[in-house]
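1. sequence? don't have it. structure:
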């Protein structure tokens, strides 16, 4: 499995993905599932992926090739004018990969299941965040639902449900995302460190706030320890149930 | 869906189940999924159920009939000498229901999927806790893993993972279980109040600590509010992520 989160806030986007992939518990590896395309002063796009790794990598490669070698007139993530058009390109790339590999996967009883989160900003629009399905169709995050999750999302959802606030600073939101990852990592083996993260400030059109949080990262270790202590304290401060 | 938890602690057992059942989102109802059999000074058994309601009710009815009208020599939950034997009786009842209804369900493309938690104590043994599968086989909770969950278990697992301690008092453990329910209720519509709960004290052979926590229960409302506040405070006290 995988765990990826995207938050769309007033001040920008926070996008994060773990890096564990596994084909059975005895075949575990680390792959980057956060992909960034940047065109300085014009756009930043960030794609997070969950599902069949061969399929998600093919989608990312196809999108990359179309940027690099696109014929003039053929739209690519570097040329489309809105995030909606960008999400449609990702959806089309999924459909293209299915046309190439879908039958062979089906014959092998393998799943074509993939999901993507696409967040970013193209000059002329506010930042937007989409969740794109295996069929290539998609939904968009709104003010009512400022975060989207894909992969192993349940363990880390309660804390996001309770605390997310679209007026948060990005550093606050990144902390919250890491707490959500912390709960997921603790309860589920199929999600693993390191965590790749992008903090994108609205109207910066720059992806410089990008980092990889390693297993031994001191901030993450402190966050993890403090969170355990504070949760235990919080539980202790609530009166016991009496019957 | 459903959410049920069983904790096996040094001082006894805490068993809890929600009461929501649904056949699609447009057909929601309340059913008791916590069943207690008590034989004063000899045994207390508590069965929590998740899955196809017709199947789980049939299993519970079959077990009840065998207690009420068992032929002499035929074992029932009131006569077996160990909790292991009791778990086998539950497993057998599942297989019996499958023999009766399985083919008809399959023809209707309906699932026979059920899971049970069986906790209790029979004089001569310590309290024990089992998880029984659709196939009628089962696992037992150990000191390493003092809690078992069935149904929609992921949202409420992180808090149990972090705080459960087998030396807890039952009132503390019940509070923790209600926090776990609180997270689940908030994040998932298919789990609903009221919550049925049994606190069983080791060697009491009495099920008198049994209650139903209703939607408007003042303790649960306070717990819910305090927990939200404390979580927000805990998040705020951790330094923001800097990059």
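-> Ah, there it is. Source: prediction; values computed, not measured.

2. from the middle of its chain, how far away would stretch A:157-177 be?
-> Taking C-alpha atoms, centre = their mean, to the nearest Å, one finds the center of stretch A:157-177 at 15 Å from the center of the full chain.

3. cool, stretch A:149-159 as well?
-> 12 Å.

4. Burial check on residue A:215, number of neighbours?
-> Using other C-beta atoms under 10 Å in any protein chain shown, residue A:215 has 11 other residues around it. For every residue, glycine as well, the C-beta is placed using N, CA and C.

5. That one contacts residue A:193, doesn't it?
-> Yes: counting by C-beta atoms under 8 Å, residue A:215 touches residue A:193, with 4.4 Å between them.

6. list the residues that contact both of those two?
-> Taking C-beta atoms under 8 Å, 6 or more residues apart in numbering or on different chains as the contact definition, residue A:215 and residue A:193 share no neighbouring residue.

7. Poorly predicted segments of chain A, please.
-> A:23-25 (pLDDT under 70).

8. Which parts of it are strands?
-> A:3-9, A:12-17, A:20-22, A:28-30, A:34-39, A:43-51, A:114-122, A:128-132, A:138-140, A:147-151, A:195-201, A:210-213 (DSSP state E).

9. and of those, who's closest to residue A:78?
-> Minimum separation from residue A:78 across the strands of chain A (C-beta to C-beta) falls at strand A:34-39, 5.5 Å.

10. Surely residue A:118 touches residue A:37?
-> No: contact between residue A:118 and residue A:37 fails when scored by C-beta under 8 Å: they sit 10.3 Å apart.

11. Overlap of the contact sets of these two?
-> Joint contacts of residue A:118 and residue A:37 (C-beta under 8 Å, 6+ apart) are A:45-47.

12. can you pick the most crowded of those residues?
-> Result: residue A:47 is most packed of the shared contacts of residue A:118 and residue A:37 (other C-beta under 10 Å), 29 neighbours.

13. what's the closest non-adjacent residue to it?
-> residue A:35 (4.6 Å; C-beta to C-beta, 6 or more residues apart in numbering or on different chains).

14. so who does the one you found touch?
-> A:46-49, A:60 are the contacts of residue A:35 under C-beta under 8 Å, 6+ apart.

15. again with residue A:6
-> Contacts of residue A:6 (C-beta under 8 Å, 6+ apart): A:13-16, A:46, A:48, A:117, A:119, A:129, A:141, A:147-149.

16. what inclination does the longest helix along chain A have with respect to strand A:34-39?
-> As assigned by DSSP state H, the longest helix anywhere in chain A is helix A:83-107. Helix A:83-107 and strand A:34-39 are oriented at 140 degrees to each other (axes from the mean of the first three to the mean of the last three C-alpha atoms, to 10 degrees).

17. And helix A:83-107, what's buried?
-> Buried positions in helix A:83-107, judged by neighbour count with 16 or more other C-beta atoms under 10 Å in any protein chain shown: A:83, A:86-98, A:101, A:105.

18. and the residues you listed, which two are the farthest apart?
-> Pairwise across those, and taking C-beta to C-beta, the largest span is found between A:83 and A:105, at 29.3 Å.

19. Comparing residue A:118 and residue A:37, which shows the higher neighbour count?
-> Between residue A:118 and residue A:37, counting by other C-beta under 10 Å, residue A:118 is the more crowded of the two (27 against 19).

20. Now do the more buried one against residue B:159, distance only.
-> In this view, residue A:118 and residue B:159 are 32 Å apart by C-beta to C-beta, to the nearest Å.

21. again with residue A:12
-> Residue A:12 is 30 Å from residue B:159, by C-beta to C-beta.

22. Check residue A:192 too.
-> For residue A:192 relative to residue B:159 (C-beta to C-beta), the value is 21 Å.

23. Between these two, which has more neighbouring residues?
-> Looking at residue A:192 and residue B:159 with other C-beta under 10 Å, you find the greater number of neighbours at residue B:159, namely 24 against 21.

24. Hmm, that one is touching residue A:231, no?
-> Yes: assessed by C-beta under 8 Å, residue B:159 is found in contact with residue A:231 at 6.9 Å.

25. picking up where we left off before, closest one of the contacts of residue A:6 to residue A:72?
-> Nearest member of the contacts of residue A:6 to residue A:72, counting by C-beta to C-beta, is residue A:46, at 26.0 Å.

26. Give me the nearest residue to that closest one, chain neighbours excluded.
-> residue A:15 (4.5 Å).

27. how close does the one you found sit to chain B?
-> With distances taken as C-beta to the nearest C-beta, to the nearest Å, residue A:15 is found 13 Å from chain B.

28. again with residue A:188
-> 8 Å.

29. And residue A:227, by the same measure?
-> Distance from residue A:227 to chain B, by C-beta to the nearest C-beta: 7 Å.

30. Please work out how many residues are found near that residue.
-> Neighbours around residue A:227, by other C-beta under 10 Å: 23.

31. now swap in residue A:205 and tell me
-> 18.

32. Can you get me a residue count around the residue found closest to it once you drop the neighbours it is linked to in the chain?
-> With sequence-adjacent residues excluded and distances taken as C-beta to C-beta, 6+ apart, residue A:205 is closest to residue A:41, at 5.0 Å. Neighbourhood size, residue A:41 [other C-beta under 10 Å]: 9.
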